[in-house]
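Peer 1: sharing a model prediction with you, sequence too.
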Amino acid sequence: MARQNLSATRIKPRLAEPLTMHVLRRRQVSPHFARVTLGRGDVERFVPMGFDQWFRLFIPVSDASLAKVPQKLNTMAFLKYLTTSKVDRPTLRSYSVRAYRDAGPGGPELDVDFVLHGDGAAGPAATWAATCAEGDPVAIIDEGVGFNPPDGLRRVRLVADESGLPALAGVLASLPADTTGDAIVEVPSTEDEQELIAPDGVGVTWVVRDAHATPGRAALAAATALATPAEPFYGWVVGEQSLPTGLRRHWVNAGVPKNHIMFCGYWRAGRTH
């Protein structure tokens with residue numbers, strides 16, 4: 001079964017070339033989240049699109065490694081990137097825009113939230129987010145937006161684990177004021193719950209999983225326990241891959257049209273990310 005349909009639903013950005021930015025500040029948002037604010041460099045060329053806008057993040061591993069960032073990230077460029085020695089090749093990961101401000105203290109600012117793992121499973125991006133300092137450079141390539149409901153559909157059901165919380169927050173903050181529906185967010189602890197901006201008609205439910213449970217399972221159980229609305233809705237689900245694939249299957253079996261669903265596996269349990 002397909003693990004995502006992001007490529008089919010994606011709204012592409014106007015600019016998809018490397019933009020170099022620098023760390024402005026870093027702060028611990030909660031036990032499992034760090035927020036890194038990027039700016040300066042090419043940030044004024046970044047075009048905010050709202051919703052679940054995402055990008056490829058390139059983290060340098062040496063002084064010269066950002067020079068190895070491809071000018072675009074098509075198949076050929078990616079294969080060339082993989083042939084670059086690991087001692088020179090920047091780390092590549094995908095992240096969502098948590099927030100964008102065009103008038104920060106020193107110009108435009110881009111917030112990126114990183115999930116921090118305290119179980120020894122932290123990948124290179126989470127490690128960087130836990131240790132980065134003001135002035136550290138990175139590069140990004142914008143990939144656009146995945147949230148793309150049919151015209152006129154104003155009811156939503158949004159579901160994510162903590163890896164999808166930044167994207168879900170962006171979707172909620174970008175929805176038209178008359179949108180109705182619900183959102184389910186799974187997090188590792190109550191301290192990881194965040195204040196979210198959402199239309200009055202969209203309710204947000206936080207689900208805290210058991211300490212040793214696989215991420216995404218609690219959100220999947222909560223979402224499948226909800227009655228499927230009789231009226232049409234747009235389903236959006238992201239996170240550990242068993243969550244979006246399982247919930248998409250549930251929605252389709254309940255009669256939701258496939259083009260009313262965006263689902264994407266952000267990561268797989270058992271692998272660092």
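Peer 2: That came through, no problem.
Peer 1: surely L243 is in contact with A219?
Peer 2: Yes. Counting by CB atoms under 8 Å, L243 does reach A219; the two are 5.8 Å apart. C-beta coordinates here come from the backbone N, C-alpha and C atoms, glycine included.
Peer 1: overlap in contacts, the two.
Peer 2: Here L243 and A219 have 159-161 as joint contacts, going by CB atoms under 8 Å, 6 or more residues apart in numbering.
Peer 1: measure L73 to A133 for me?
Peer 2: Using CB to CB, to the nearest Å, one obtains 27 Å as the distance from L73 to A133.
Peer 1: and stretch 206-222, end to end?
Peer 2: The first and last residues of stretch 206-222 sit 10 Å apart, counting by CA to CA, to the nearest Å.
Peer 1: before we move on, back to that, so which of the shared contacts of L243 and A219 comes closest to N5?
Peer 2: Checking the shared contacts of L243 and A219 against N5 with CB to CB, the nearest one is V159 at 15.1 Å.
Peer 1: which strand or helix spans that closest one?
Peer 2: strand 155-160 (DSSP states H and E).
Peer 1: name the helices or strands packed onto that strand?
Peer 2: Contact partners of strand 155-160 among helices and strands, from 3 or more CB pairs under 8 Å, 6 or more residues apart in numbering; DSSP states H and E: helix 165-174, strand 180-187, helix 217-225, strand 234-240, helix 242-253.
Peer 1: tell me the angle the first one makes with strand 234-240.
Peer 2: In this structure, helix 165-174 runs at an angle of 160 degrees to strand 234-240, with axes from the mean of the first three to the mean of the last three CA atoms, to 10 degrees as the basis.
Peer 1: model confidence over helix 165-174, on average?
Peer 2: Helix 165-174 shows a mean pLDDT of 98.
Peer 1: shaky segments in the stretch 101-250 of the chain?
Peer 2: Within the stretch 101-250 of the chain, the stretches with pLDDT under 70 are 118-122.
Peer 1: for the helices and strands packed on strand 155-160, which one ends up most surrounded?
Peer 2: Stretch with highest mean neighbour count among these: strand 234-240 (a mean of 28; mean count of other CB atoms under 10 Å).
Peer 1: could you pull up phi and psi at V97?
Peer 2: Phi and psi for V97, reported as degrees, to the nearest 10, are phi -80, psi 120.
Peer 1: show the pLDDT at it.
Peer 2: V97 carries a pLDDT value of 98.
Peer 1: without its sequence neighbours, what residue ends up closest to it?
Peer 2: Of all residues beyond its chain neighbours, the one nearest V97 is Q53 (4.6 Å), with distances taken as CB to CB, 6 or more residues apart in numbering.
Peer 1: which residue is nearest the centroid of the chain?
Peer 2: S96 (3.6 Å; CA atoms, centre = their mean).
Peer 1: quick check, that one in contact with V171.
Peer 2: No. S96 is not in contact with V171 according to CB under 8 Å; the separation is 9.5 Å.
Peer 1: could you name every residue contacting both of these two?
Peer 2: Residues touching both S96 and V171 by CB under 8 Å, 6+ apart: D52.
Peer 1: so where do the helices sit in the protein?
Peer 2: Taking DSSP state H as the criterion, the chain carries its helices at 6-9, 75-83, 124-131, 165-174, 217-225, 242-253.
Peer 1: would you turn these into a markdown table with distance to E44?
Peer 2: Listed next are those as a markdown table, based on distance: least, CB to CB, whole Å:
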| stretch | distance to E44 |
| --- | --- |
| helix 6-9 | 27 |
| helix 75-83 | 25 |
| helix 124-131 | 23 |
| helix 165-174 | 20 |
| helix 217-225 | 37 |
| helix 242-253 | 34 |
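Peer 1: to M262, which of these lies closest?
Peer 2: helix 6-9 (5.0 Å).
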